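Peer 1: This is the structure alone, sequence omitted:
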Ligand SMILES: [Zn+2]
């Protein structure tokens, strides 16, 4: 739960106080503090209402698990931000239109199609919301913008500043951002601390699988990198993250060193980055990689199916790493059998990264 | 007036990927200076900060410090800032 209130310069940031604590403060705090807590709670309500309007649970019945019989084709809508911040910008390539000649727009168009196909053909999901929503993306967002994001409704990609990043239009990045949409429409994972790191983790998993499936790579052929080729030529690094070897993606004077841990012993407690969501995701990322490596073969098959289905069945937006690991084991028992070799390998993977299951 | 802007977070999750700018509006052309003084007035920033913030996955977070007679700091999510203000930040 993120509560941003900057009520006064004495209280610069209250972004990490959970609502249950606010309720206690509203009841017991001194008048000034209690008033602030009440204000924060009111905001929280507004935000919940907004989230309810934007998020959706897995479709009723068999939650997001039965293939949608109406799945056909993606409805891509690629926009050019023309260097400005307003979204979505100018529509340059709707579904079925020929290439634009704008390299970023054409890359986004093709990659969105690959990510759509992963979810549709492997997991029976009709677009990000499971109901065929349009895939809206904006390329050339802002100036020298070193980022890509999902804003709850659409994807946006900067060009990079050329010094640190040279692009964000890489299939693993596009798959990552689109997976944030899938997560949002599968019950969601609150974007802070462990549940936030799980949100990041699941996004990395489907980002990596999007790329591996297009390249038809088995687990041992794949590089398991997120954002390979997006770092500028002068940066000492191969990618932004490595699922195979978290913490080794880059080591650079300007950028510092890849901070991702691969084991709970390295779990990073911080208030930066929404509680280290892009850092601690290295731990479940590595467990996923280990599980895939134990099984061999294409990772978008059984491992991808377990992760996708576990996300539909989780029903806990505040899940901890352990909650998630337990869920994947339950799902593995459904898909591969209780006590199966596959389930045992999954248990071993979680144990190896220090998560007790 | 002095305006200091730094960005952190985002897809990369690292501060180094963000930017850091220190601006003295008085050193700029008068129309831009006026625009900046309005957009970055502490009261205006406080209003933006008080709006509900939806956490966008991979969104940036801006730390804006404005010094006039006193210094005030605000942490604002990219999604809270109006596009015109983001364009202004990009121009600086
Ligand atoms: Zn992300």
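Peer 2: Sure thing, it's come through. Because the structure is predicted, anything quoted here is derived from the model rather than measured.
Peer 1: Would you agree residue A:169 falls within a helix?
Peer 2: No. Using DSSP: H, G, I helix; E, B strand; the rest coil, the assignment for residue A:169 is coil, not a helix.
Peer 1: How many neighbouring residues does residue A:230 have?
Peer 2: By other C-beta atoms under 10 Å in any protein chain shown, 25 other residues sit near residue A:230. Using the backbone N, CA and C atoms, a C-beta is placed for each residue, glycine as well.
Peer 1: per-residue pLDDT, the residue in chain B positioned nearest to the ion?
Peer 2: As assessed by C-beta to the ion, the ion sits closest to residue B:58 within chain B, at 4.1 Å. If you check residue B:58, the pLDDT there is 94.
Peer 1: How about stretch A:241-258, which residues are buried there?
Peer 2: A:241-250, A:252, A:255, A:258 (16 or more other C-beta atoms under 10 Å in any protein chain shown).
Peer 1: Which residues of the stretch 201-350 of chain A lie near the ion?
Peer 2: residue A:203 (C-beta under 5 Å from the ion).
Peer 1: Pick out the residue of chain A closest to the ion.
Peer 2: Counting by C-beta to the ion, chain A gets nearest to the ion through residue A:203 (4.6 Å).
Peer 1: State the pLDDT value of that residue.
Peer 2: According to the prediction, residue A:203 has pLDDT 98.
Peer 1: helix or strand for it, which one?
Peer 2: In this assignment (DSSP states H and E), residue A:203 forms part of helix A:193-214.
Peer 1: returning to what we had before: I'd like the buried residues of stretch A:241-258 as CSV, with distance to residue B:10 appended.
Peer 2: Listed next are the buried residues of stretch A:241-258 as CSV, based on distance: C-beta to C-beta, whole Å:
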residue, distance to residue B:10
A:241, 13
A:242, 18
A:243, 19
A:244, 23
A:245, 23
A:246, 18
A:247, 19
A:248, 21
A:249, 16
A:250, 15
A:252, 17
A:255, 13
A:258, 15
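Peer 1: hey, where'd the strands end up in chain B?
Peer 2: B:2-9, B:20-23, B:60-67, B:71-77 (DSSP state E).
Peer 1: neighbouring contacts of the shortest one?
Peer 2: When contacts are defined by C-beta atoms under 8 Å, 6 or more residues apart in numbering or on different chains, strand B:20-23 is touched by residues B:2, B:3, B:4, B:5, B:6, B:7, B:36, B:89, B:92.
Peer 1: wait, which of these is closest to residue A:182?
Peer 2: Comparing the contacts of strand B:20-23 against residue A:182 with C-beta to C-beta places residue B:7 closest, at 26.9 Å.
Peer 1: related to what we said a few turns ago, of all the strands of chain B, which gets the most neighbours per residue?
Peer 2: Highest mean neighbour count of the strands of chain B: strand B:60-67, a mean of 20 (counted as mean count of other C-beta atoms under 10 Å in any protein chain shown).
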